[in-house]
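S.K.: need coordinates for the below:
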Amino acid sequence: MKTTYWFGHTIFRAAAKAFFRYQVVGRDKLITDGSVLIASNHESFLDPPLVGIAYNDSVYYLARKTLFRGVTKWLYSSWNAIPIDQEAPDMSSLKKIIRILKSGEQVVVFPEGSRTLDGDLQPGEAGVGLIAAKSQAVIQPVRIFGAFKALPRGSGRLRFHPVTIVVGDPVTLTSEEKKAKGREAYQAISDRIMAEIAKIKHPSEN
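M.R.: Numbers count the residues shown, from 1 in each chain. Model (predicted):
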């Protein structure tokens, strides 16, 4: 693990526990070996590190291309962030993500693409289905609860609200899904991933 990544991981995990009473439910379901596409809902700007600190080893993230400027370019790169244009994802970025997955790493993605405006789940985007099909990685659905209230989209005010990460059962693509081609087929895979995330409930609901 890179020194800068380890330092950020340690500091954010400590802060999350202190200020958000951060906890991970279902940690025993986490797949930590081999290619894993970690798919999460997207509630807040805090989501990437909140998902990442659930893992004891380093993981990769997707980050807006516009964040990679000056000093922040070095910082985000040291945190294993992969630049991507959210408005028009290009194939070079997608191919890089697929290569990282095929090399046996874990990558965090947010199928919805953008943060929710109301706290509810949004439809997934076809690009995540493409990544899943081309990489053939195991899909690890996780769901964040509480981050929307801690720091909702459009707000600059951080609230100390409890945050819980709940881990779902791993998903393996079918042989047909692994052969998927075309936007419609990729969208169907993304829809399936979002359906798995939707199944995950907060412990208080069980």
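S.K.: could you tell me the end-to-end distance of stretch 130-144?
M.R.: Terminal residues of stretch 130-144 are spaced 23 Å apart (CA to CA, to the nearest Å).
S.K.: shaky segments in this protein?
M.R.: 1, 86-89 (pLDDT under 70).
S.K.: show me where it has its strands.
M.R.: Along the chain, the segments classed as strands by DSSP state E run 23-25, 36-40, 60-64, 81-84, 106-109, 138-145, 164-167.
S.K.: I'd guessed residue 122 sits against residue 116; true?
M.R.: Yes - with contacts counted by CB atoms under 8 Å, residue 122 reaches residue 116, the gap being 5.8 Å. For every residue, glycine as well, the C-beta is placed using N, CA and C.
S.K.: between these two, which contacts overlap?
M.R.: Here residue 122 and residue 116 share the contacting residues residue 42, scored by CB atoms under 8 Å, 6 or more residues apart in numbering.
S.K.: these two touch, right, residue 43 and residue 142?
M.R.: No - with contacts counted by CB under 8 Å, residue 43 stays clear of residue 142, the gap being 11.8 Å.
S.K.: nearest to residue 126, out of the strands of the chain?
M.R.: Nearest of the strands of the chain to residue 126, taken as CB to CB: strand 106-109 at 12.5 Å.
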